[in-house]
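Enquirer: this is a predicted model, with the sequence first.
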Amino acid sequence: MKRHWKVGDLAKLTGLTVRTLRYYDQIGLLSPSDQTESGHRLYGESDLSRLHQILSLKELGLSLEEVKSVLNGGQISPLEIVGLQIGRIQEQIKLQQRLLEQLRHVSKLMQGKAEVSVEDFTSLLQAMKMEFEKPVIERQWGWERHLDLLGDFLAEEEVQISKHKEENQ
């Protein structure tokens, strides 16, 4: 007997949001293999396998467009995937090295009891802000889950407002 999961069940199983799965369907990255008579998406075992591939490639740092290209037999080879990841890591290292140098510079100024210029301090804060924001953006699934919860909350609020209007008419 084949197993099928509705979109909400697959979301719970994988830790993704319903919104993410719908988006993957919208962009043609992961389409459900079946649907119920009432039109609900049904994902099968082959869909779950494809989703695992998508998540693995994303974990390597590929964009959704690159993932789609790879899975659809595109021209990106495993060697190119590794090269892309190396390039991304090298860029992260450069950013970290710049931040380290700026921190060392400010530290030396502070140790020497010299006043830190506004420019030096602002530059340091900007670099630190960029490094802080990057992981937050990379944790997109958390952001997507937040949007999902917000959407659910707003939908429930809309239902409550409608009920309230009906009761008062």
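Expert: Thanks, I have it.
Enquirer: show me the protein divided up by domain.
Expert: 4-71, 77-138, 141-169 (automatic domain parsing).
Enquirer: hmm, who's touching stretch 105-121?
Expert: 102, 124 (Cβ atoms under 8 Å, 6 or more residues apart in numbering). The way it works is simple: take the backbone N, C-alpha and C, and place the C-beta from them, glycine included.
Enquirer: can you tell me the helix or strand for Gln85?
Expert: helix 78-111 (DSSP states H and E).
Enquirer: distance check, Val70 against Glu115.
Expert: Per Cβ to Cβ, to the nearest Å, Val70 is found 53 Å from Glu115.
Enquirer: same check on Val82?
Expert: Distance of Val82 to Glu115, given as Cβ to Cβ: 47 Å.
Enquirer: what does Leu16 give?
Expert: Applying Cβ to Cβ to Leu16 and Glu115 gives a distance of 50 Å.
Enquirer: when those two are compared, which one has more neighbours?
Expert: Per other Cβ atoms under 10 Å, whichever of Leu16 and Glu115 has more neighbours is Leu16, with 22 against 10.
Enquirer: which helix or which strand is home to the more buried one?
Expert: Using DSSP H and E, no helix or strand contains Leu16.
Enquirer: list phi and psi for it.
Expert: Per-residue torsions, Leu16: phi -90, psi 170 (degrees, to the nearest 10).
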